[in-house]
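Undergrad: model this:
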Amino acid sequence: PNSFCFNSALVACAKSGRMSQAFGILREMDLLSQEGDANAKPTEHSYAAMLRACAAAGDPRTANMLMRRMERAGLPATAVHYGLAIHACSRGGELRKVFDLLNDMQGRGLQPDKHAFTTALAACAEANQLNRALSLVERMYFLEVQP
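TA: Numbering: from 1, shown residues only. Got it, this is the predicted structure:
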């Protein structure tokens, strides 16, 4: 099987909340690629599927681990990956990590979109952090991001 087949299985597992099976597939992909099967190597889509499941589950710990794992694998995170990780951290109540991800994203030259900012604003509202929310609105205005 190639990465497209594996990614389809990852998406199915992730959508049905079967994270342990999804991680098993990701490990299998890693093993096969280490054994020389370049077609089985995890891709940006593999990690997006996993991060999407973390976002749905509100699992910031796993999302952050996946972001680090992607980086170690030499796959640069895109705005989509960051947005999903921000969503996972927001749903998991990790406001500090939400801001860390936004800052890291911009530090890497990626522009947070309205979804990333809206998710961060929701996290501020949930944590009763009005000043942080206002600073995000100012940042959005400065970056010309429309809510």
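Undergrad: just give the nearest non-adjacent residue to the residue nearest the centre of the chain, would you?
TA: With the centre of the chain defined as its mean C-alpha position, the nearest residue by Cα atoms, centre = their mean is Ala85, 3.0 Å away. Closest residue to Ala85 in three dimensions, ignoring its sequence neighbours and counting by Cβ to Cβ, 6 or more residues apart in numbering: Ala63, at 4.5 Å. C-betas here are computed from N, CA, C, even on glycine.
Undergrad: next up, the contacts around the residue nearest to the centre of the chain.
TA: For Ala85, the residues meeting the contact criterion (Cβ atoms under 8 Å, 6 or more residues apart in numbering) are 51, 54-55, 60, 63-64, 66-67, 77, 101.
Undergrad: can you check the pLDDT for it?
TA: If you check Ala85, the pLDDT there is 97.
Undergrad: quick one: the strands in the protein?
TA: For the chain, applying DSSP state E gives no strands.
Undergrad: residues contacting Leu136?
TA: Neighbours of Leu136 in contact, by Cβ under 8 Å, 6+ apart: 117, 120-121, 124.
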